[in-house]
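Colleague: no sequence on this one, just coordinates:
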């Protein structure tokens, strides 16, 4: 079943369409949705395809209408980004980075 989404007037860049797997897809069919979550560009208006990987040792046929993924619209936030010459938080003990809180 083809899915095509048309951008609502005045919303460019304020919402994103995410493609996510359904929890039953792996349990019922042994399939996973690739590139998950997938994000569809706001200006993309063609048919949306979904990449599905088969984890079984046998071929699978996905019948039309089988729900293997779901789409949700999420708001986008575009913060103002400021480039600085040095790390302003380097003297703060609380901002150590990856792995700083232990195992």
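Modeller: Received the coordinates, thanks. These figures come from a predicted structure and were not determined experimentally.
Colleague: any idea how far the one residue sitting closest to the centre of the chain is from residue 27?
Modeller: Geometric centre of the chain, nearest residue: residue 37, 2.4 Å, by C-alpha atoms, centre = their mean. Per C-beta to C-beta, to the nearest Å, residue 37 is found 19 Å from residue 27. All C-beta spots, glycine's among them, are computed from the backbone N, C-alpha and C.
Colleague: The residue nearest to the centre of the chain touches residue 16, doesn't it?
Modeller: No. Applying C-beta atoms under 8 Å, one finds residue 37 not in contact with residue 16, separated by 9.7 Å.
Colleague: In contact with the residue nearest to the centre of the chain, which residues are there?
Modeller: 18, 19, 20 (C-beta atoms under 8 Å, 6 or more residues apart in numbering).
Colleague: And the buried ones among those, selectable in ChimeraX?
Modeller: Selection command for ChimeraX covering only the buried members of the contacts of residue 37, criterion 16 or more other C-beta atoms under 10 Å:
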select :19
